[in-house]
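Engineer: need the 3D shape of this:
(chains A and B)
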Amino acid sequence: EPEVTQTPSHQVTQMGQEVILRCVPISNHLYFYWYRQILGQKVEFLVSFYNNEISEKSEIFDDQFSVERPDGSNFTLKIRSTKLEDSAMYFCASSSTSGGSFNEQFFGPGTRLTVL
Amino acid sequence: QKEVEQDPGPLSVPEGAIVSLNCTYSNSAFQYFMWYRQYSRKGPELLMYTYSSGNKEDGRFTAQVDKSSKYISLFIRDSQPSDSATYLCAMSARSQGNLIFGKGTKLSVKP
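Structural biologist: Sure thing, here's the model as predicted:
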């Protein structure tokens, strides 16, 4: 069964360093998302991406964040200068498209980011 | 008022019990209502979704949406220890829109 994969599973970094989180969405999907979950808190939407551009972003997704689809398979989230409060589990998700009907977002297993 | 409210529990029930999980919301624009299950340190996995108001049944699971009350529910019949997980409600205004999650209810089903 196709699944979303994410690497690494755990990333430890020093405050101020840049990190890149990687995702391989399901191959025929066209919509891509990043969410994060701070320990003990809600899963929060960060950004959605379609047709090689950001389609929607939340207030959390400020200038320190960027997303990219560098090739036909990977979808990345970059945090330019990490802060302590960026420590969280980051989930990638993808969905297909079929007009206006519901399209399930499939989530990856997450990358745990720890900022020291 | 928070956009989606969900009692985080924890909720502990004996095997075979009927479990009722609920969320309330404030945004009238939500049209898609979902229940996800999340195991520890894993990504959320969709259990069921409902479009607009109404009921939907899938095996032991029933999802209900009451848009007039801005209230959604998930019922689990004949609960099993394997149902032990965190259950997240999620909502969206559009079919491809970003999901707004509740905090999740941690459920433990004891054998």
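Engineer: quick one: pLDDT of residue A:100?
Structural biologist: Each residue has a pLDDT score; the one for residue A:100 is 58.
Engineer: try residue B:24
Structural biologist: Residue B:24 is assigned a predicted lDDT (pLDDT) of 97.
Engineer: is it correct that it is in contact with residue B:73?
Structural biologist: No - with contacts counted by C-beta atoms under 8 Å, residue B:24 stays clear of residue B:73, the gap being 10.2 Å. (Each C-beta comes from the backbone N, C-alpha and C, glycine too.)
Engineer: give the rounded mean pLDDT of the helix or strand residue B:90 falls within.
Structural biologist: Taking DSSP states H and E as the definition, residue B:90 sits inside strand B:85-92. The average pLDDT within strand B:85-92 is 96.
Engineer: residues of chain A that sit close to chain B?
Structural biologist: Taking C-beta under 8 Å from any C-beta of the partner chain, the part of chain A that reaches chain B is made up of A:4, A:31, A:33, A:35, A:41-45, A:48, A:50, A:55-56, A:58, A:89, A:91, A:93, A:95, A:97, A:100-110, A:112.
Engineer: residue 72: neighbour count?
Structural biologist: Went with chain A since none was named. Neighbours of residue A:72 under the rule other C-beta atoms under 10 Å in any protein chain shown: 6.
Engineer: sorry, I should have been clearer: chain B.
Structural biologist: 27.
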